[in-house]
Structure formats: structure tokens, C-alpha cells
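Chemist: got a predicted structure plus its sequence, pasted below:
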Amino acid sequence: MDTYSVDVVYQAISALFQGNNPKEQEKANKWLQDFQKSIYSWTIADELLHQKRDLHANYFAAQTMRNKIQNSFSELPPHTHESLRDSLITHIGQIDEQTDNVIVTQLSLAVADLALLMASWQEPINDLLVTLAPHPAAIWPLLEVLKVLPEEIDSRYLRLGANRREEVHKQLDASAECVLKFLCMCLQREDLNQQRVWNAALRTYSAWLVIHAFPVSHVYNNALSQLAFRLLSLPETTGKLHDNATECVCALLSCMNTRQDSANESESSVEAQIFGAVCMLETPYHLSVAHEDTDKTINYCRIFTSLCDAFFYDLLADPQKPHYCLKGLDLVLLCVGHFDYEVAEITFHLWYKLSEDLFQRNDDKLTALFRPHIERLISALFRHSQMESDHDGLIEENNNFFDFRRKVSDLIKDVAFIVGSGACFKQMFHILQAPETTWESTEAALFIMQNVAKNILPDENEVIPKVVEAILNMSEQTHIAVRYTAILLIGELCDWIENHAESLEAVLNFLLYALQQKNGLAPAAAMALTSICSACRQKMVCHISGLVEIARSLDSFQINNDVAIGLLKGISLILTRLPREQLQPALREIVSFQLQPLAQLIESNSGASVQKGERSDPVYWIDRACAIIRHTNPDVPDTVEHPTVAILNDAWQLISRVMDKYQSDLRIMERTCRLIRYGIRMVRKQAVLLVEPLIKQMVVLYAVQHHSCFLYVGSILVDEFAKSSDCIGGLLEMLQAFIEPTFGLLQMENGLKNNPDTVDDFFRLASRYLDCCPHQLLQSSLITPIFQCALIACSLDHREANSSVMKFFINLLVWGRTNSHSRNAECRPLVVELANQHGGSLVMNLIQASVFQLHSYMLADVAEVLHELKQVVGNDRMQPFLAQALEALPKKNSGGYVTATQQQLDEFSSTVLRADTTKAISQALKTFTRLFR
């Protein structure tokens with residue numbers, strides 16, 4: 001299969017879809033992929049569609065045609081566009097009842113994408129209507145084309161550009177009335193399958209509503225909107241029709257969702273009619289609940305929630321004169337009260353949006369207006385959070401109900417301020433006190449209390465003492481889930497316990513007892529104890545010996561390593577408060593509990609593979625040691641030896657052996673480097689004895705293994721030691737040693753794309769040198785190759801990696817500013833020379849990357865680089881840099897439409913040159929790049 005022809009392509013398709021030899025199928029698949037990229041695929045795919053030999057060939061040809069138009073339209077010379085259009089319309093016209101839906105969709109997308117790209121096709125909608133509408137068989141593909149066309153406008157593959165998109169929107173707006181008439185006519189045709197035409201027409205109408213092609217005043221009083229509401233009101237409507245009618249009404253509501261200002265009288269009248277029509281769906285909603293038709297119930301819930309979204313700004317307009325749309329929240333709360341929690345979950349985004357807006361406005365009267373609604377919401381969430389009465393044990397993690405309760409937890413924390421955390425806590429307490437309260441109600445009430453406990457004032461003395469006393473006196477016979485949630489609640493009450501020291505002893509005894517249980521309570525007890533250690537640091541100092549014993553016995557408790565690490569963090573916070581003479585021995589002892597098993601792993605010559613997360617995994621112990629080192633942070637003056645220094649120096653030999661033994665395991669190396677990082681950050685310049693052996697070992701290992709975490713540790717060393725003149729030479733040698741393997745890795749095929757962590761950590765390292773010893777780096781021979789590597793890395797669309805590259809440019813250019821500081825004076829000439837020499841390439845690469853590779857959220861960093869470069873070279877040099885970069889951009893898109901007019905290019909250039917702030921350049925860059933996307 002060396003040459004491309006219709007017969008050879010048929011053979012490849014047959015080998016792929018009908019063969020039974022996997023190797024031959026893989027070979028055929030690769031050949032067909034290469035064929036699709038070739039220029040010959042245009043004509044051969046067209047011929048395959050004409051011949052219609054079999055389903056697989058037809059599907060492949062339709063998909064090929066769509067992919068070519070979407071991704072390779074620039075391959076075709078403009079004079080061939082019309083013949084392609086005519087051929088595609090012919091294929092669409094030949095679709096019949098037997099044509100597979102997938103082929104219809106692919107051909108429809110091909111026509112739609114062609115209409116969007118082909119600038120010379122002035123009236124695609126009208127042309128398609130005139131050509132295809134008279135033929136009954138062509139109605140179905142025509143409806144599909146009309147549906148996908150507005151959906152494809154924002155396709156990131158087509159890269160239409162803002163100018164073309166605006167032109168297309170004008171075309172669609174101008175054709176909207178014709179489309180609406182056509183859709184209404186389809187509903188009246190008796191020669192078509194009614195259900196099928198209703199489904200297709202509603203889907204198409206919805207797509208046009210979403211792009212707001214129709215004015216608000218026209219969207220209700222037409223046959224399609226009326227059909228959607230009628231179908232939703234009838235209990236016998238089929239599921240598919242119900243779904244499409246729902247999509248239609250939600251799209252209808254989205255037309256009102258775009259305005260924050262007041263509507264005119266005509267629009268207000270239509271909006272009131274739509275609101276009334278949605279409210280009429282309350283009865284069908286109740287019927288769907290009665291018939292237990294959950295799919296329809298979910299549809300109604302979506303509509304009611306979309307209604308409140310559409311009228312959101314009216315909801316919040318005036319607390320003195322509540323808007324009629326407040327009724328919409330009652331409809332949403334109806335759904336929240338449904339017995340299936342999945343229905344309630346659909347509404348969550350609305351409550352988040354409401355609480356965020358109320359919090360920002362900080363208007364007590366407005367907040368009070370929604371208090372009754374939030375009270376009803378919390379009551380419903382309390383019911384939904386209840387476990388089944390016959391459930392034994394705890395809720396299993398990672399099942400749907402566990403995930404739902406996690407979302408409930410987040411939501412309650414967000415909305416509690418509207419009713420007041422104290423009032424919510426008290427409301428649940430009354431449930432606990434009610435006679436004959438079931439265990440599942442008790443557990444759910446404690447769960448709700450747990451989520452608001454942190455926000456209750458620590459001096460509360462009415463309810464919390466009774467709750468704490470009841471929890472501490474719970475019997476062994478209480479359901480395990482109730483005890484588990486109660487223990488978590490104790491942890492959330494840590495600030496209250498800190499303010500009521502008399503309760504601390506009893507609470508600690510209670511938690512220690514629970515920690516030792518083998519019935520599933522230990523994780524909750526460990527998490528609660530961690531919270532109390534964090535909140536009651538000074539008061540816990542007298543319990544340090546008990547905490548050290550807990551650290552010694554960690555592996556006897558029924559807890560996973562993440563929970564154990566949290567507990568070690570809590571204990572370390574207490575260690576920080578110890579007097580110096582007590583701190584070092586206690587810290588050494590707790591660290592040794594982690595390092596001794598690690599040393600035993602190193603000593604063992606077992607060739608067994610590392611079992612992730614098990615005691616035989618070095619990371620198991622390294623992470624624990626890391627938590628201790630990171631959170632034991634005593635306030636020690638630089639002139640006094642840090643209590644951690646001796647422990648770190650003693651541990652170095654073990655850490656070094658870990659790095660040697662497990663050097664090929666990236667995960668273990670990353671965790672080991674993190675331990676080194678926190679150790680050095682803790683003792684700062686007092687870690688000087690480790691610097692030389694650490695650098696020597698890292699340089700050797702990096703040359704072999706290329707783990708970017710070594711670069712990160714290097715940046716920590718630069719940050720801590722580069723301000724000392726004795727260390728700068730050695731640190732620059734480290735950079736020199738890192739450069740060769742880094743550049744070798746990044747220069748491989750797809751090197752940047754495949755190694756974003758290396759890019760991130762290398763340029764973070766280079767930035768640290770510029771922060772701490774700029775003059776030494778700028779006058780070295782290393783700066784030019786680093787700068788040139790950064791120029792290439794500009795186009796990498798990885799968020800963190802690109803950010804580090806941009807920060808490198810910014811940190812470098814800052815030293816070129818005019819400044820009275822002596823370091824600026826010596827660095828400025830070097831930076832100015834570099835900027836003048838490479839500034840044109842920098843602007844060229846930044847503009848190209850911004851337009852073709854980077855996401856819009858990354859452009860703020862690019863803008864900052866342009867701003868800093870302008871400060872260094874001045875507008876006289878910046879103007880030609882910009883002109884050259886803009887000249888290199890394509891003048892037209894693949895369909896022949898002008899991407900950016902000369903006026904738009906000039907406007908962007910003058911905005912950048914005129915801008916005094918990064919924000920102004922960032923905004924201009926975002927607007928400009930949309931012209932090419």
C-alpha cells in the first residue's frame with residue numbers, strides 16, 4: 001500500500017474494519033492516518049462518497065472530509081472552494097432513510113465548517129434552504145446542518161478569528177427569520193414522521209437560541225416554543241422528546257441570562273410570559289414525581305434552576321419590593337425536596353451563585369430576604385444526608401453517596417452565613433433533643449453541625465457545652481457512624497475547646513480511646529486530634545510526652561498514612577512551642593521513628609519492587625519525616641544554632657544513600673528532594689555543611705536520570721546561599737553542570753512538550769540566580785544560551801512551565817531599568833545589550849506564541865514581559881520589534897477572510913507602545929489574539 005488510489009484506500013479500510021490480524025489492522029490504521037494527512041485525501045474521499053460501496057468506507061470518507069476542512073482547509077487553493085461546496089451539497093442531497101446517522105453528522109459538520117470558513121460563500125443558509133428544502137428526503141440532513149452550524153462557530157479547531165465570527169453572526173442573524181419559518185413549516189408537514197421532525201426541529205431551534213440569533217421579543221410566541229412547553233406539560237411525552245423540549249426551554253431562558261440591565265416593555269412582557277409558562281410546569285413536575293419518572297423530574301429541575309439563573313439579577317434587585325421571579329426559588333426548593341438526592345444536586349450551582357452574590361453585596365436586608373429559602377435548603381440537605389436505617393458500619397469512600405455528602409458539606413459552608421452558623425447549629429441541636437430521634441437523623445444532624453462548627457464564636461456557652469458533654473458520654477452501643485461523625489465534630493470545635501481549657505483533658509482522653517479502637521473510629525480521632533493540636537498549641541505543650549508516645553505507636557493505629565502524616569503535623573506544631581532544651585531531643589526522637597525503618601529498607605538487599613503506599617515504600621517514611629521537619633518551626637535567631645541542624649547533618653548520609661539506591665524512581669526522588677527542601681528552608685544558612693556534598697551528588701544523578709526535582713532543590717540552594725560571595729562560584733558551576741543535560745533533553749523531538757516539569761524547574765532556577773546574584777550570571781557565558789532556550793520555550797502551552805519562562809524574562813529585564821540602586825547600575829548595561837540584541841526575536845516569539853499556542857489565561861505573563869522590555873529598550877526600539885512581529889502574522893485565515901485589518905494591527909501596536917501598565921497590554925493582547933482564534 002505505497003500509493004494513494006481509491007482501490008488501495010478501500011483495501012486499507014477493509015483490512016482495518018474486517019480483518020482479523022491485529023498487526024495488519026494496526027498497519028492499515030497507520031496507513032489510513034497518513035493518507036488523511038495527504039493532499040490526495042480530498043479527491044479520494046469525495047470519490048468514496050460518490051461510490052457508496054459500503055458503510056465503513058462511507059463513514060471513513062465523511063470523517064476524512066470533515067477533518068480535512070476543519071484542520072487542513074488552507075491546502076486547497078481558493079478556486080476549488082466552490083466545487084468542494086457543490087460536491088458536499090450533492091452528497092447531502094443524496095442522503096436517504098438508510099444512511100447511517102454517523103455519516104449524516106460527519107457530512108453535516110463538513111458543510112457547516114465549510115460555510116463558516118469559506119469567505120466567498122455569502123449566503124450559505126439561504127442557499128442550503130433553497131437547494132435542499134424542497135426535497136423531503138433532504139429535510140433531515142438540512143436540519144442537522146442548521147443545528148451544527150451555530151454550534152461550530154466557537155470551534156477552537158476552525159480558528160475563524162473575531163472578524164470572521166462577527167461576520168458569521170451577522171449572516172445568521174439575517175437568516176434567522178427564514179430558519180424560523182422553515183422550522184415552523186417542518187412542524188406542519190404531514191409527509192414526515194411527526195416525532196422525528198419534532199425532535200430534529202427542537203434541537204435545531206435550541207442551537208439557534210443559544211447564540212441569541214432571535215430577539216427576545218420573538219422567542220416565545222412561535223410554534224416551536226409553544227410546542228416545547230406543550231410537550232413538557234403532557235405526561236405521555238416520550239423521553240427523547242421530553243429531553244429535547246427541556247433543552248429548548250433552557251436555551252430559551254439563556255436568551256434572558258445575558259442582561260444585567262433593565263429590559264424594555266416588550267421584552268419584559270415576553271419574559272413575564274415565559275416565567276408564567278415555566279411556573280405552569282409545576283403540576284407536570286408533581287406528576288413525574290408521582291410516576292417516579294426520575295428522568296423527567298431531572299428535566300423539570302434543570303428548567304426551574306435555569307429560570308432562576310435567567311432572572312438572577314431581578315431576584316437581587318430590591319429587597320423592599322421583591323420581584324415576582326422569587327417564586328422561581330420555591331420551584332427549585334420543590335426539587336431540592338425530592339426523595340432522590342441526584343435531583344437536589346442539580347440545583348447546587350444556583351445556591352453557590354446566590355451565596356457568592358449576597359456575600360459580595362453585604363446587604364443585611366437583602367440577605368434576610370433569602371433566609372427562609374436557605375433554611376428550607378438546609379432542612380432538605382439534612383434529610384438527603386441521612387444514611388439508610390438498615391446500614392451497618394460507615395459510609396464507604398468513593399461511592400456516590402459519599403461524594404454527594406462531600407458536596408453538601410461544601411455547600412453548607414458556603415450558605416451558612418445567610419442563616420447564621422449559630423442558628424443552623426441550634427436548629428440541628430433541637431433535632432438531636434427530639435424524642436424518638438433515629439440514629440440516622442442524629443448522624444445527619446451531627447454532620448450538618450460539623451460543617452458550621454468552625455464559624456461559631458468560641459465564647460458560645462448555651463448549646464456547645466451540652467453537645468460536647470453528650471458526645472463525650474456516648475455509649476459503646478451507639479451506631480458507629482454516629483460516633484464517627486461526632487468525633488469529627490469535636491475536631492471542628494477545636495477553637496471552642498481552645499477557649500474552654502477545662503474541657504481539653506476530657507476531650508483528649510476521649511480521642512485517645514477512639515484512636516486505639518479497631519472499629520473504624522481511629523481515622524476520625526486522628527483528624528480531630530490534629531485539629532486540636534493546631535488550635536490549642538500552647539495548652540497542649542504539657543501533653544508532649546503523650547504525643548511523642550502517639551508518634552511512636554502510629555503504626556499500631558488503624559489509620560492510613562495520609563491521616564498519620566496529618567497527626568504528625570499536629571504534633572510538630574506543639575513541638576515548636578517547647579523550650580529549646582526540650583525541643584531537640586523530642587524532635588530527634590520523633591524523626592528517628594521515621595528514619596530507622598527507612599535505614600532498614602536501605603540496608604536490606606531485597607530486590608523486590610517497591611509497593612506504593614506500603615511500609616516497604618521509602619516514600620511512606622520520607623513523607624512522615626517531611627511533615628515533621630516542615631511544621632516544626634521554632635523562632636530561632638540566626639546567631640543561635642537551630643535545633644534541627646544537628647538532626648539534618650546526622651540524617652544526610654541516609655538521605656544520600658536513598659538518592660543513590662532509588663535514583664531511577666522519580667516518585668521517591670521527588671519526595672526526597674522535598675524533604676531536603678524543607679530541611680534547608682528550616683535551618684537556612686546553617687545547612688552550609690550539606691551544600692557541597694548535595695550539589696556533587698545531584699549533578700551526577702541529574703546527568704544520568706534527568707529528574708527535574710534536582711533543579712528545584714538547586715533553586716532552593718541558590719535562594720539561601722547565593723547572597724554569600726563564598727558560595728556563588730560553586731553555585732554557578734552547578735548551573736553549568738545542569739545546562740548540558742537540560743538542553744540535550746529539551747532539544748529532542750517534542751522535548752519541550754514532553755518535559756514541562758524540566759522547563760518549569762530550570763527557568764525557576766535561572767530566575768533565582770537573577771534574583772540573588774544577577775551581575776555574576778549576566779556577565780557569565782551562560783546567560784546567552786539560557787536566553788535562547790527561553791525564546792524557544794515561549795510557545796510551550798503548559799501553564800506552570802510557561803509561567804516560569806515568562807518570570808525568567810521579567811526577572812532579567814527588571815535589572816535593565818533605570819534605577820539608583822548600585823546593583824542595577826552594574827547590571828543595566830548587560831541587560832540593555834541583551835535586550836537590543838535579542839529583543840526582536842523575543843517580541844516575534846511572544847506574539848506568535850500568544851496568537852497560535854498559548855491559552856488566553858497565560859497572556860497576562862506575556863504582557864508583563866512586553867511591558868518590561870519596553871522599559872528597557874524604549875518605544876523607539878520597541879516599535880520596529882512590534883512591526884516586524886505583526887508583519888509575520890497571516891493576513892487571511894484558511895477560508896480567505898481577513899484576520900486582522902491594518903487598522904486593528906496599528907491599534908494594537910499603538911496601545912502596547914502607549915500603555916503605562918501591564919494590565920492595559922494584557923487586555924490589548926487578549927483582544928488582539930481573538931482576531932486569529
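Modeler: Happy to help now that I have it.

Chemist: contacting residues around stretch 541-550?
Modeler: 508, 512, 515, 529, 533, 540, 567, 571, 574-575, 577-578, 582, 586, 589-590 (CB atoms under 8 Å, 6 or more residues apart in numbering). Placement of C-beta: from N, CA and C, glycine included.

Chemist: for PyMOL, write the selection for the buried entries among those residues.
Modeler: Entered in PyMOL, the line below selects the buried ones among these, by 16 or more other CB atoms under 10 Å:
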select buried, resi 508+515+529+533+540+567+571+574+575+578+586+590
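
Chemist: out of the contacts of stretch 541-550, list just those in helices.
Modeler: Among these, the members falling in helices (DSSP state H) are 508, 512, 515, 529, 533, 540, 567, 571, 574-575, 582, 586, 589-590.

Chemist: residue ranges in the stretch 1-150 of the chain under the pLDDT threshold?
Modeler: 1-2 (pLDDT under 70).

Chemist: recalculate using a threshold of 80.
Modeler: 1-3 (pLDDT under 80).

Chemist: do the stretch 801-933 of the chain as well
Modeler: Along the stretch 801-933 of the chain, segments meeting pLDDT under 80 span 818-824.

Chemist: now with 90, please.
Modeler: 817-826, 891-897, 933 (pLDDT under 90).

Chemist: let me see the ranges of the helices in it.
Modeler: 822-852, 859-873, 875-887, 902-914, 918-929 (DSSP state H, counting those that start in this stretch).

Chemist: quick one, what contacts the nearest residue to Asn875 once chain neighbours are set aside?
Modeler: Closest residue to Asn875 apart from its sequence neighbours, by CB to CB, 6 or more residues apart in numbering: Leu913 at 5.1 Å. Contact analysis of Leu913 by CB under 8 Å, 6+ apart lists Lys870, Asn875, Met878, Gln879, Leu882.

Chemist: residues contacting the closest residue to Leu925 other than its chain neighbours?
Modeler: Spatial nearest neighbour of Leu925, chain neighbours left out: Leu859 (4.8 Å); criterion: CB to CB, 6+ apart. Counting by CB under 8 Å, 6+ apart, Leu859 touches Ser850, Ser922, Leu925, Lys926, Thr929.

Chemist: give me whichever of the helices of the stretch 801-933 of the chain is most buried.
Modeler: A comparison of the helices of the stretch 801-933 of the chain by mean neighbour count, using mean count of other CB atoms under 10 Å, puts helix 859-873 on top with a mean of 22.

Chemist: shaky segments in the stretch 151-300 of the chain?
Modeler: In the stretch 151-300 of the chain, residues with pLDDT under 90: 156-159, 189-193, 215-220, 255-270.

Chemist: and the helix or strand hosting Leu32, what does it pack against?
Modeler: Per DSSP states H and E: Leu32 is located in helix 22-37. With contacts taken as 3 or more CB pairs under 8 Å, 6 or more residues apart in numbering; DSSP states H and E, helix 22-37 sits against helix 6-18, helix 55-72.

Chemist: could you tell me the angle between it and helix 6-18?
Modeler: Helix 22-37 and helix 6-18 meet at an angle of 130 degrees, taking axes from the mean of the first three to the mean of the last three CA atoms, to 10 degrees as the criterion.

Chemist: list the buried residues of stretch 44-55.
Modeler: Quick answer for stretch 44-55 (16+ other CB under 10 Å): Ile44, Ala45, Asp46, Leu48, Leu49.

Chemist: figure out how far that stretch is from the centre of its chain.
Modeler: Distance of stretch 44-55 from the chain centroid (CA atoms, centre = their mean, to the nearest Å) equals 42 Å.

Chemist: likewise for stretch 302-317?
Modeler: For stretch 302-317, the separation from the chain centroid amounts to 25 Å (computed by CA atoms, centre = their mean).

Chemist: ends of it, how far apart?
Modeler: This stretch, stretch 302-317, spans 23 Å end to end (CA to CA, to the nearest Å).

Chemist: what's the answer for stretch 47-66, then?
Modeler: The separation between the terminal residues of stretch 47-66, taken as CA to CA, is 15 Å.

Chemist: swap in stretch 113-121?
Modeler: Taking CA to CA as the measure, stretch 113-121 stretches 12 Å from start to finish.

Chemist: all helices for the stretch 101-250 of the chain, in order.
Modeler: Here the stretch 101-250 of the chain has its helices, by DSSP H, counting those that start in this stretch, at 101-117, 124-132, 139-151, 162-188, 194-210, 223-233, 239-254.

Chemist: so where is the stretch 651-800 of the chain shaky, pLDDT-wise?
Modeler: Low-confidence regions of the stretch 651-800 of the chain, defined by pLDDT under 90, span residues 683-689, 722-730.

Chemist: give me the residues contacting the one helix or strand Leu354 maps to.
Modeler: Using DSSP H and E, Leu354 maps to helix 348-361. With CB under 8 Å, 6+ apart as the test, helix 348-361 has contacts from 305, 308-309, 312, 315-316, 332, 366-367, 370, 374, 377, 407, 411, 414-415, 417-418.

Chemist: of those, buried ones?
Modeler: 305, 308-309, 312, 315-316, 332, 366-367, 370, 374, 377, 411, 414-415, 417-418.
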